[in-house]
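In: Build the 3D model from these lines:
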Amino acid sequence: MKRLAVITMMLCAAMMTTAQVETSASYGPVPSENQLRWQEMEMYAFIHYSLNTYTDQEWGFGNEAPQLFNPSDLDCRQWVRVCKQAGMRGIIFTAKHHCGFCMWPSAYTEYSVKNAPWKNGKGDVVRELADACREEGLKFAVYLSPWDRNHSEYGRPAYVEYFRNQLRELLTNYGDIFEVWFDGANGGDGWYGGANETRRIDAKTYYQWEETFRMIRELQPKAVIWNDGGNRGDLRWVGTEAGYVGETNWSLMPSKGDTPFHMLHFGVENGDVWCPGETNTSIRPGWFYHDTENEHVKSLSKLMDTYYKSVGRNSTLLLNFPIAPNGRIHPNDSLRGIAFAKMIDQVFKNNLAEKATITRNSAGDGKTVTTILDFTQPTIFNRFLAEEDIVLGQRVKKFTLEALVDGQWLPLKDELVEHGDGLTTIGHRRIICFPTIAATKLRFTITDAKAQPVIKKLGVYLAPELTADIPDSGEKKSSALHLFFSSPRQILIDWNSEQTFTGFRYLPPQDGSDGTVTHYTLWTSSDWVHWTKLASGEFSNIVNNPTWQTIRFPATKGRIIKFDADRLHSGERMGYGDMEFF
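Out: Sure, this is the predicted structure:
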């Protein structure tokens, strides 16, 4: 480590020699102290746990009975130990999801654990988890859904006060909070105190975010705020829940205005505020626990791919661990998470740059900089790491990598990108993956920058080759069905003999959102003449989280299924990754 520290100091010094005046001050927006602390965490865990766990849903409607919450072996210390062993440095807990059920005994609603049989109504999951995090040295944070499908006043001014009162409880009763997380899902159908109706709100104005943010700053001055709306928080969503951010990723955004996908996913080069991306995804296909997903926990190779495409692309990784109905993290999830942490340690434990002789040359105004790592003998590697000193801003726009193999300089590219070479922004950390090579030198050239580059760390590593330890991990493929498109928005499935159906599962297209069914109706018939409606509704959040959607209905006999796409996200023809009936 001492050798690495020397290399780091030499690099910073070398980058600053030709333009000392420019690099002694920041360039453009820079991170706050809170944002710097958050970025250094790199990986932290989401915990999804609520009544949804007991109803096998992703989004509760708001009318689920509190009596369902009665875990047999709830152990927050087990959650924390698993997350810590998985390399997570903190935990964000879903204190209230869209169903409105509070995982702490809120004074402002009866819809909480205080009316559940668990611990005779005397329990507080938020308290137990906050205490367990402190005991193990992990940071603690809360998720509070702005949308509440249970509360009778949602969509009206009175709910905003209720929402803030609940937030105040969480920010004042549970110690230091490192992040406050607000989901972007807002408004739609719900129970709403028995109204059973659809309520729409203007997410930009309804919650009066400026006042809410002011309260957070006052009560938790060291916390960062995650919010993907027009009112800019400290962090941004990256536009997908699939576990990756753009290969070009600026930690900058415009201070005002809408945030279309390209801004969320790639940042904005000339943005006027520092607003880095947080990559959130789940270790399973869904966010909440489902028995059907026990064998579809993401593989080690998929988790490493996610790491490279999040932490390795100037982001942080927020990895979800759902809690099983017994109140613990399932062994499949914990074992995979621990293997993930061990693999990261194995990949990055030996920095080959420590053994190299490093030289550097700059040209012109100092924005074009070439650094050569001379290993003196053929050295095998397949990973390259670079970090900017983001205290002074994010500067690098483009760079190249070349390896000297048998006397010839060969260009390298990031094999994890589909188009181009992927050698663009750096920021807090950039990791480039390429096929294993044996080279005597590595040449790293910054070819374009907004100001003179300030690189504080370089790394060269040899990662072991990985294959998926579970084929199609994180996905599920059913046996082939005899189906055909009777129209661009209708699929018919014929079983040839009468069956009894109790449920349906739909996997949207996995190569893009075109054709994704967002609203559906299912019918069945035994004679092609008389049709029985099985179910209809909306696949909530399916575009952002394109995983298996499960619909259950009363047992019904039929031979033919008719699947109507009442609404598509985009495109003209309905699409699917897979379907199954049970």
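In: got the residue ranges for the strands in the stretch 251-400 of the chain?
Out: Ranges of strands in the stretch 251-400 of the chain, per DSSP state E, counting those that start in this stretch, are 252-253, 273-274, 277-282, 316-322, 357-363, 368-388, 396-405.
In: nearest to residue 68, of the ones you listed?
Out: Among these, the nearest to residue 68 by Cβ to Cβ is strand 316-322 (16.0 Å). For glycine as for every other residue, the C-beta is placed from the backbone atoms N, C-alpha and C.
In: circling back to that earlier point, now render the strands of the stretch 251-400 of the chain as a markdown table, adding mean neighbour count, mean pLDDT and distance to residue 29.
Out: Formatted as a markdown table, these follow (neighbours: other Cβ atoms under 10 Å; pLDDT from 0 to 100; distance: least, Cβ to Cβ, whole Å):
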| stretch | mean neighbour count | mean pLDDT | distance to residue 29 |
| --- | --- | --- | --- |
| strand 252-253 | 22 | 96 | 6 |
| strand 273-274 | 18 | 96 | 4 |
| strand 277-282 | 25 | 95 | 14 |
| strand 316-322 | 24 | 98 | 18 |
| strand 357-363 | 14 | 92 | 24 |
| strand 368-388 | 18 | 97 | 14 |
| strand 396-405 | 19 | 98 | 15 |
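In: and of those strands, who's closest to residue 423?
Out: Residue 423 lies closest to strand 396-405 among these, at 5.1 Å (Cβ to Cβ).
In: how close does residue 61 sit to residue 548?
Out: 19 Å (Cβ to Cβ, to the nearest Å).
In: Show me the shaky parts of the chain.
Out: Along the chain, the parts satisfying pLDDT under 70 run over 1-24, 228-231, 467-486, 496.
In: make it 80
Out: Filtered on pLDDT under 80, the chain yields the residue ranges 1-26, 227-232, 364, 466-488, 492, 494-497, 511, 527-529, 582.
In: what's the longest helix in it?
Out: For the chain, the helix with the greatest residue count under DSSP state H is helix 331-348.
In: which helices and strands does that helix pack with?
Out: Packing partners of helix 331-348 (3 or more Cβ pairs under 8 Å, 6 or more residues apart in numbering; DSSP states H and E): helix 76-85, helix 300-308, strand 316-322, strand 455-461.
In: Report the angle between that helix and helix 300-308.
Out: 60 degrees (axes from the mean of the first three to the mean of the last three Cα atoms, to 10 degrees).
In: quick one, phi/psi of residue 37?
Out: phi -60, psi -40 (degrees, to the nearest 10).
In: dump the residue contacts of it.
Out: The neighbours of residue 37, taking Cβ atoms under 8 Å, 6 or more residues apart in numbering as the test, are 178, 222.
In: mind checking how far it is from residue 179?
Out: Noted for residue 37: a distance of 10 Å to residue 179, by Cβ to Cβ.
In: ok so, going back, mind putting the strands of the stretch 251-400 of the chain into CSV with distance to residue 93?
Out: Shown next, in CSV, are the strands of the stretch 251-400 of the chain (distance: least, Cβ to Cβ, whole Å):
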stretch, distance to residue 93
strand 252-253, 27
strand 273-274, 26
strand 277-282, 14
strand 316-322, 11
strand 357-363, 44
strand 368-388, 30
strand 396-405, 36
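In: hang on, the earlier thing: point out the most buried one among the helices and strands packed on helix 331-348.
Out: Most buried of those, by mean neighbour count (mean count of other Cβ atoms under 10 Å): strand 316-322, with a mean of 24.
In: and residue 554, how many neighbours?
Out: A count of neighbours around residue 554, defined by other Cβ atoms under 10 Å, yields 8.
In: Wait, it touches residue 502, no?
Out: Yes - here residue 554 reaches residue 502: they are 7.5 Å apart, a contact under Cβ atoms under 8 Å.
In: Look at residue 61 and residue 548 and report which has more neighbours.
Out: Shown here are residue 61 and residue 548; by other Cβ under 10 Å, residue 548 has more neighbours (23 against 18).
In: what sits against the more buried one?
Out: The contact partners of residue 548, by Cβ under 8 Å, 6+ apart, come to 285, 286, 292, 293, 476, 505, 506, 507.
In: Give me the phi and psi for the first one.
Out: Phi and psi for residue 285, reported as degrees, to the nearest 10, are phi -60, psi -40.
In: Against residue 186, how distant is it?
Out: Counting by Cβ to Cβ, the gap from residue 285 to residue 186 is 24 Å.
In: And residue 320, by the same measure?
Out: On the measure of Cβ to Cβ, residue 320 and residue 186 end up 20 Å apart.
In: ok, back up a step: just the CA trace of the longest helix of the chain, in PDB.
Out: Extracted C-alpha coordinates of helix 331-348, given in PDB (Å, rounded to 0.1, in the frame of the first residue of the first chain):
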ATOM      1  CA  PRO A 331     -29.300 -18.300   2.000                       C
ATOM      2  CA  ASN A 332     -29.100 -18.200  -1.900                       C
ATOM      3  CA  ASP A 333     -28.900 -14.400  -1.700                       C
ATOM      4  CA  SER A 334     -26.400 -14.200   1.100                       C
ATOM      5  CA  LEU A 335     -24.100 -16.800  -0.400                       C
ATOM      6  CA  ARG A 336     -24.100 -15.100  -3.700                       C
ATOM      7  CA  GLY A 337     -23.500 -11.700  -2.100                       C
ATOM      8  CA  ILE A 338     -20.600 -12.900  -0.100                       C
ATOM      9  CA  ALA A 339     -19.000 -14.600  -3.200                       C
ATOM     10  CA  PHE A 340     -19.400 -11.200  -5.000                       C
ATOM     11  CA  ALA A 341     -17.400  -9.400  -2.300                       C
ATOM     12  CA  LYS A 342     -14.700 -12.100  -2.300                       C
ATOM     13  CA  MET A 343     -14.400 -11.800  -6.100                       C
ATOM     14  CA  ILE A 344     -14.000  -8.100  -6.000                       C
ATOM     15  CA  ASP A 345     -11.300  -8.500  -3.400                       C
ATOM     16  CA  GLN A 346      -9.600 -11.100  -5.600                       C
ATOM     17  CA  VAL A 347      -9.700  -9.000  -8.700                       C
ATOM     18  CA  PHE A 348      -8.300  -5.900  -7.100                       C
END
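In: That helix vs strand 455-461, what angle?
Out: 100 degrees.
In: need the contact list for the nearest residue to residue 334 once chain neighbours are set aside.
Out: Once flanking residues are discounted, residue 334 sits nearest to residue 82: 4.3 Å by Cβ to Cβ, 6 or more residues apart in numbering. When the contact criterion is Cβ under 8 Å, 6+ apart, the partners of residue 82 are 321, 329, 333, 334, 337, 338.
In: Could you find which two of the contacts of residue 548 are furthest from each other?
Out: Applying Cβ to Cβ across these, the maximum distance is between 293 and 506, 14.8 Å.
In: now residue 558, which residues is it bridged with?
Out: residue 499 (DSSP bridges).
In: and it, how many neighbours does it have?
Out: Residue 558 has 21 neighbouring residues, counting by other Cβ under 10 Å.
In: Test my guess that it contacts residue 524.
Out: Yes - counting by Cβ under 8 Å, residue 558 sits close enough to residue 524 to count as a contact (3.1 Å).
In: Common neighbours of the two, please.
Out: The contact lists of residue 558 and residue 524 share 501, 532, where a contact means Cβ under 8 Å, 6+ apart.
In: Now do the SS call for residue 438.
Out: When classified by DSSP: H, G, I helix; E, B strand; the rest coil, residue 438 comes out as strand.
In: does it really touch residue 378, like I thought?
Out: Yes - assessed by Cβ under 8 Å, residue 438 is found in contact with residue 378 at 4.4 Å.
In: what's the spacing between residue 280 and residue 101?
Out: 21 Å.
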